[in-house]
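Undergrad: Only the shape, not the letters, is given here:
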């Protein structure tokens, strides 16, 4: 029978039924594999954040270089280049934060929720992740992890407005105070927007799981 | 538990052996204990990397401040001393952010796993008592959690606070003794409050089993 190119033949996998007398051993195996996957994504996030820090150091070094006497003479004013670099720094921070806290975090959370379910259904397994959720307030995890990226973005926002004020683009104390207020407003707005975007995808928000009785 | 022996080499030394787990509570508890011990290793590895990240951050801050002092930053719109203070302040924000990650996120996870392991060792006498002994050492104060939780970051923050305070002192000194005294007093109060808050919050993220013992 000729195969239609648009229809892929899906292979059928044999059903593997675990031996009934080894049911606990099977659950133990599943649980250990879930822990392995959680560990994998935690390490992946750690390495990704290290890469992000390297990129941020590069942006900060670029800002410092543009203010130095050894910067190459270019037709564009170096102060404008610094302002654009600050904006790029915020964008780089945001992109790294979204990949880390939306993409990788959801992959991690999928396995975390799986571990929660196994611990809740089988009380002979130590309730490690239930303790993380209840007593350690793990449901606030994505927002807590977002603090770093909000802090780094705030650094670039402060440098941006500090450059504007120092270059006398805001003349007079009224405009200077307005610049500081705008800086604070930008940081607050970024925090709210970034925090909402991160927690929007958190499947742990509002999750209510009770610890099993010992 | 049945040992599965390998024959390797002429002298027949067993390099390693695979313990066959049967569907018995002690065997499964042993497996869970081994797996959770490895789980702790992952969190320790992650926390170590964040401490390394903070150290790299401090190193970059030091290099940046030395570069500012070198006078190469001729196009800087503000003076060298205010620039060092601002640079130190922004670096302090980064150190506090890494401190928050390490202590408030991953240390809490670590102690949740410790809690599970101590409960497991209490329940199954066939398991080693390594984590119960560690808990006893902590209770007796030989190595309290506050010793290894947050002191490194407090020291980094102290260095930055001293540098910023010195810059503030140097900047306001030209305006008179009164301005200098007020500025340094305010900054000292902020610094002491910040350091105490860091240490106390780090202690509050200690093991959960400390309170239930």
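TA: In hand now; what should we look at? Every value quoted in this text rests on a predicted model; they were computed, and no experiment measured them.
Undergrad: So what's the residue count around residue B:62?
TA: As a burial measure, the neighbour count of residue B:62 was computed by other Cβ atoms under 10 Å in any protein chain shown and equals 14. Using the backbone N, CA and C atoms, a C-beta is placed for each residue, glycine as well.
Undergrad: And it, its phi and psi?
TA: Backbone geometry at residue B:62, expressed as degrees, to the nearest 10, gives phi -60, psi -40.
Undergrad: And it, what's its pLDDT?
TA: On the pLDDT scale, residue B:62 is placed at 89.
Undergrad: distance of it from residue B:159?
TA: Distance from residue B:62 to residue B:159, counting by Cβ to Cβ, to the nearest Å: 9 Å.
Undergrad: now residue A:35
TA: If you measure residue A:35 against residue B:159 using Cβ to Cβ, the figure is 38 Å.
Undergrad: These two: which is more packed in?
TA: The residue with more neighbours, out of residue A:35 and residue B:159, is residue A:35; 22 against 17, by other Cβ under 10 Å.
Undergrad: three-state assignment of the more buried one?
TA: Three-state assignment for residue A:35 (DSSP: H, G, I helix; E, B strand; the rest coil): helix.
Undergrad: Over to residue B:77?
TA: Each residue gets one of three states, and residue B:77 gets coil by three-state DSSP.
Undergrad: For it, the count of nearby residues, please.
TA: Residue B:77, neighbours per other Cβ under 10 Å, totals 15.
Undergrad: And for residue B:137?
TA: As a measure of burial, residue B:137 has 12 neighbours, counting by other Cβ under 10 Å.
Undergrad: Mind telling me what element the residue nearest to residue B:150 when sequence neighbours are not counted is part of?
TA: With sequence-adjacent residues excluded and distances taken as Cβ to Cβ, 6 or more residues apart in numbering or on different chains, residue B:150 is closest to residue B:202, at 2.7 Å. If you go by DSSP states H and E, residue B:202 is part of helix B:177-204.
Undergrad: and what of residue B:90?
TA: Per DSSP H and E, residue B:90 falls inside helix B:80-100.
Undergrad: got the angle for that helix vs helix B:177-204?
TA: Put simply, helix B:80-100 runs at 10 degrees to helix B:177-204, going by axes from the mean of the first three to the mean of the last three Cα atoms, to 10 degrees.
Undergrad: circling back: what mean pLDDT would you report for the helix holding residue B:202?
TA: Taken as a whole, helix B:177-204 has an average pLDDT of 81.
Undergrad: and it, which residues are buried?
TA: If you call a residue buried by 16 or more other Cβ atoms under 10 Å in any protein chain shown, then helix B:177-204 has these buried ones: B:180, B:183, B:184, B:187, B:191, B:194, B:195, B:198, B:199, B:202, B:203.
Undergrad: Check stretch A:87-100 too.
TA: Using 16+ other Cβ under 10 Å as the burial criterion, the residues of stretch A:87-100 that qualify are A:89, A:90, A:92, A:93, A:94, A:96, A:97, A:98, A:100.
Undergrad: Now tell me what touches that stretch from outside.
TA: Contacts of stretch A:87-100 with the rest of the structure, by Cβ atoms under 8 Å, 6 or more residues apart in numbering or on different chains, involve A:45, A:48-49, A:51-52, A:55-56, A:59-60, A:63, A:145-146, A:149, A:152-153, A:155-157, A:160, A:190, A:194, A:197-198.
Undergrad: re the thing from before, which of the buried residues of helix B:177-204 lies closest to residue B:165?
TA: Distance ranking of those against residue B:165, using Cβ to Cβ, places residue B:187 first at 4.9 Å.
Undergrad: pretty sure that closest one is touching residue B:168, no?
TA: Yes. Applying Cβ atoms under 8 Å as the test, residue B:187 and residue B:168 come out as touching, 5.4 Å apart.
Undergrad: Mind picking out the helix or strand in chain B with the poorest mean pLDDT?
TA: When the helices and strands of chain B are compared on mean pLDDT, DSSP states H and E, helix B:209-212 comes out lowest with a mean of 44.
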